[in-house]
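>>> Generate coordinates for the sequence data below:
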Amino acid sequence: MALNNQYIGGLWNNTSAKGTKFMKGSITIDGVETKMVIFENARKKKSTHPDYTIMRDTPLEKNDDDDPFASDPSDEPTGDNDSQSKLEGMPRDEDVIF
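Numbers count the residues shown, from 1 in each chain. As a prediction, the model looks like this:
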């Protein structure tokens, strides 16, 4: 099988403004592109914990204090099932093994 049939994407090394090294890129599977960022797992304590953590590359809303987890009272759920958290799609602590 030719390499062209196996290629699904690429990653580039980056460094954040705070000096954190990470990789950024995208993969395309069945015509669907997914952008991602990959960080070294700084919380790895056991060999069963992953070496790297992969997250979708989605822009976070900027808050005045630059804390992506800070909540805005206007974003609080109103009890409607249609309300969505601004952190929807982010992994929960119980979903990620560190």
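>>> Run through the strands of this structure in chain order.
For the chain, strands defined by DSSP state E occupy the ranges 9-15, 21-29, 32-40, 52-56.
>>> Format these as TSV; extra columns: mean pLDDT and distance to Lys46.
Glycine gets a C-beta too; all of them are placed from N, C-alpha and C. Rendered in TSV, the data for the strands of the chain read as follows (pLDDT from 0 to 100; distance: least, CB to CB, whole Å):
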stretch	mean pLDDT	distance to Lys46
strand 9-15	96	25
strand 21-29	95	22
strand 32-40	95	15
strand 52-56	94	15
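>>> could I get the ones you listed as a markdown table with mean neighbour count?
Output for the strands of the chain, formatted as a markdown table (neighbours: other CB atoms under 10 Å):
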| stretch | mean neighbour count |
| --- | --- |
| strand 9-15 | 11 |
| strand 21-29 | 13 |
| strand 32-40 | 14 |
| strand 52-56 | 14 |
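>>> residues near Ile8, how many?
Other residues within reach of Ile8, judged by other CB atoms under 10 Å, total 12.
>>> Wait, it touches Gly25, no?
No: under the criterion of CB atoms under 8 Å, Ile8 lies out of contact with Gly25, with a separation of 10.4 Å.
>>> Can you spell out which residues form a bridge with the closest residue to Thr34 other than its chain neighbours?
In this structure, Thr34 finds its nearest non-sequential neighbour in Ile27, 5.6 Å apart by CB to CB, 6 or more residues apart in numbering. Residues in a beta bridge with Ile27, per DSSP bridges, are Gly9, Thr34.
>>> who's in contact with Ile27?
Counting by CB atoms under 8 Å, 6 or more residues apart in numbering, Ile27 touches Ile8, Gly9, Glu33, Thr34, Met36.
>>> Closest to Lys18 out of the residues you listed?
Closest approach between the contacts of Ile27 and Lys18, by CB to CB: Met36, at 19.7 Å.
>>> quick one: the closest one from Lys44, how far?
Plainly put, Met36 is 19 Å away from Lys44 if you go by CB to CB, to the nearest Å.
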